[in-house]
Each structure stands twice: as structure tokens, then as C-alpha cells.
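Asker: Got a sequence here, can you build the structure:
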Amino acid sequence: ALLAACGGGGGGSSAPAPTPAPPPAPAPASCSAQVLSFGSCSYNAPVLTSGGSASLTTTTTGYTGSATASCTNGTVTLTATAASCQKSGPTDADLAIQTQVPPLTYGVESPERLFFEHVNTQRAQFGFGLLAQNKALDRAAKAHTDYILERVMEGTGNDFTAFQAYLANPHIEIQGKSGFTGVSVADRTRVTGYTTFGGMSESGAIPIFGVSTEGKTVGASGAGLSAGMGLLASVYHLRAMMGPYREAGVGQTFGLGAAARGTGTVSPTYIVLAYGQYPQTANTLRSYPCQGSTNVEFSMGGEVPNPYVGTPLFGTAVGQPIYFPAPRSATRLQIESLSIEPINAPAGTVSYSLAAGTVHLVTQANDPHKRLKATDVFAVATTPMRRSTSYRVQGRVLIDSTAQNVDFTFATGIGFSNAAQDPKYEIPAPK
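Answerer: This is a model prediction of the structure:
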């Protein structure tokens, strides 16, 4: 006998298959409010809590801001604009000079520490405020110095085409090149996790040292010190190094045996400077160098970009630029008279003055690269000063419509290259 499976029996057609239940409708996007901090303001900003994806856009003009959020699950979009927030401007306390920062975490006598300490010492002495170390900015600086050394080592023999192309835009990286992490400094810092954007700058030097007659070359620490000192003997880089930033990071890539692909060193050393919500500024007249400055550079060589394009000083060595940034509340600074006189120096030591045409002013009006503001003035001796010599600076500046006299002394040093070649910073050159 046949057994009916599953208790079935009988004949005839089979029963129709049941209709499948329709899939559940997608849950609509749902938005709820959260507090979003933006600058000095807080907003009730709608954000996605379930379903789909969300985007948030913030805009500011001065100290006014607004936020807009959009939530969607592909079929339903909810958009809402948060209440705007406005503040008249930062207070003096918001902009106060930073006098204390956490200890640096760089190694003792490391190039990063020597660089950072030198810059912070100068900033503190002259009222520009201390910088705090930020490790995300450290990583961004280090990534860029890795990229630079890759460009130095491209090519063979004396072919430095790739490096020369890099020098045309030294703060830009080319996507697709080895070592690339981001086109701009802002791109590179985002990659390393830095998100507090207010103001940002990047400065760097590429110290190149050959081999001494004793068969030694400058090591990483000496190159770092050289970079920190040398960047202050400039116009645009000095302005950045003494700028209103609150935190910074330093990176170096040490290239032993990379100088001209020979046996010396080339060691790109860069600093990334930034501030978040507010800069640090002072409402008094300051300068670099200033009263009591010692070990100041006696000469400025090349700078990229060159601030003397279109002047007789282009392509020549000059003295250490003296930087005068206007007080915070001012809108313009001008120098009416200025002299730089050596003190107790040997006969024949050169004096400089604006009246004699031996002091050149770099201002917003004659800045060939349009980087300076009306509140920036640099006074530059038109020839290198004397090493290890004291100088007295006297003059008269006009801050908006108020005149103020300046009178201070500073002393030049032996120069950053010689300082870097201190025996304690030298290492044996590779054979």
C-alpha cells in the first residue's frame, strides 16, 4: 500500500502557495536636537537619531553663525535650521597672551625639542605668548618632512628637478607622489586628527650641511636648532613664528648622506602652528628683536617666497629683519624714522638708518606677495650686520594717528649655521 506523506491523501490539484508578506516600510528618518558648539556659540541643532544618514553645515561671518542639518533615509528628507548665535567679539580675556603651557614631550636634546624651545623662548621674551605642543600637529609636520625628503632623493646624480619643483610651492604636496598625505597644510592636519580650525600656518627650513675636515657632519639635533634659529631671520616666516597661534607641532626627517646625495645631511624641519577659537594677541607695541635680545641672527639669506622681489635687495644678503606688529586695537602702523647703531664696535662697523637709505621697510604697500597687513612693518638693514655685536635701535612709529618712540638694544650672535656645528651636535659622516 502507498503511504500518504505528511498525512496527506486523496488526489486532485495542489493548493496555491501563500502570498509572501510585503517587506516592512523603511523607517522614516528621525531627527532630534542636540547642543552643537561652534566658536563661542551653542545651537540647538537637529541631528539624525535613526535611519538613513545626516549632514550638518555651519556658516560664520565674523562672530555670527548658523547651523543647518539635513536627515534622509533615501525617500524622506527633513531639513531644519538651528537658531543663529551672535557675539559682538572676543573679550580681552579671550585673547590673553598664553604664559603657561604643559611640558613638551619630545626627547631630551631631540631636534623637535631644540626647535620648539628656541621658538618659545623668543616668543615669551618678547610678549608674543607661548605655544603648546599638539601631537596631531606634530604628526602633520612629520608627514610633510617625509614628503620633502622623498623629493630630495628623486632623480639620480645631480638631477634635482623634482626638488626644485617642490621649492616653487614648498607647502603644497602633489597627489600621487610618494609620501603624499594632503595637498595643503589644512588637509594634512585633518588626516592626523586635528579639527580645531581657527587660524593655521606652516613654516619650515631645509638645513643642508656638508662634511667637515674632521669627517663629521651636523646631526639631527643641530639641524633642528639651525632651522628654529634660521626661520627667525626672515620676513614672512618670522611673522608666522611670532604670530597669534596657541599651539604647534614640529617634525623632522633626518637625511644622513642625502646632501647632494653625498655624505652630508639634509634635514627638513617644519612647524605647524594653529589656534582654535581665539588667537593670542597683545594691545601693546612689540618687536622682534627687542630690548635685551641676544644671539640674534646677523644676516638673512634667501627666503621662499622672496620679500625683496623688485628691489635692489633681491638676491643679496641683508641684516636680521626687525618686526613691528601693531597693537591689537590698531588698524595701521608706520615707521617715520629709524636707526640701527652699533655699540662699542670696532671702527668701520656699519651703521644703518632710514634717512640714509640703508634701512629698507617691507610693508603692505610694497609687499610683492601681498601677505602683509597694514599692521605689519619690517625694518631691514640693507647689508648683513656684524657678528656678536650689540646694536641700538632708535626711532619713531605711528600707530594709527598716535606717535610712539622706540629705543632698545639687542646683540647678534655667531649665526645659526655655526651654532648648529657645535661639536656636541656633530656626528661622523658616512663613508
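
Asker: Give me the contacts around the host helix or strand of residue 407.
Answerer: Counting by DSSP states H and E, the element that carries residue 407 is strand 402-412. Here strand 402-412 makes contact (CB atoms under 8 Å, 6 or more residues apart in numbering) with 285, 287, 289-298, 320, 324, 336, 338, 343, 385-398. The C-beta positions use only the backbone N, C-alpha and C, and glycine is treated the same way.

Asker: in its sheet, what does that strand sit against?
Answerer: Sheet pairing here is set by DSSP bridges, and for strand 402-412 it gives strand 293-296 (parallel), strand 390-399 (antiparallel).

Asker: I'd like to know which elements the helix or strand following that strand is packed against.
Answerer: Following strand 402-412 in sequence order, the next helix or strand is helix 416-420 (DSSP H and E). Applying 3 or more CB pairs under 8 Å, 6 or more residues apart in numbering; DSSP states H and E, one finds that helix 416-420 contacts helix 220-230.

Asker: chain center to the helix it packs on: distance?
Answerer: Mean-position distance between helix 220-230 and its chain equals 17 Å (CA atoms, centre = their mean, to the nearest Å).

Asker: got the buried residues for that helix?
Answerer: Residues 220-230 are the ones in helix 220-230 that count as buried (16 or more other CB atoms under 10 Å).

Asker: Turn the strands paired with strand 402-412 into JSON lines, including mean pLDDT, distance to residue 102 and mean neighbour count.
Answerer: Formatted as JSON lines, the strands paired with strand 402-412 follow (pLDDT from 0 to 100; distance: least, CB to CB, whole Å; neighbours: other CB atoms under 10 Å):
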{"stretch": "strand 293-296", "mean pLDDT": "94", "distance to residue 102": "26", "mean neighbour count": "18"}
{"stretch": "strand 390-399", "mean pLDDT": "98", "distance to residue 102": "35", "mean neighbour count": "18"}
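
Asker: May I have the strand holding residue 407 as CSV, with CA atoms only?
Answerer: Provided in CSV are the C-alpha atoms of strand 402-412 (Å, rounded to 0.1, in the frame of the first residue of the first chain):
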residue,chain,number,x,y,z
THR,A,402,49.4,108.3,17.7
ALA,A,403,53.2,108.6,17.6
GLN,A,404,55.4,106.4,19.8
ASN,A,405,59.2,106.4,20.3
VAL,A,406,61.2,103.1,20.2
ASP,A,407,64.6,102.7,21.8
PHE,A,408,66.1,99.3,22.6
THR,A,409,69.3,97.3,22.2
PHE,A,410,70.0,93.8,21.0
ALA,A,411,73.0,91.7,20.3
THR,A,412,73.8,89.5,17.3
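
Asker: Quick check: buried residues in that strand?
Answerer: Residues 406, 408-412 are the ones in strand 402-412 that count as buried (16+ other CB under 10 Å).

Asker: How about stretch 375-385?
Answerer: 375-382, 384-385.

Asker: quick one: pLDDT of residue 93?
Answerer: Looking at residue 93, its pLDDT stands at 84.

Asker: Three-state assignment for residue 155, please.
Answerer: What DSSP: H, G, I helix; E, B strand; the rest coil gives for residue 155 is coil.
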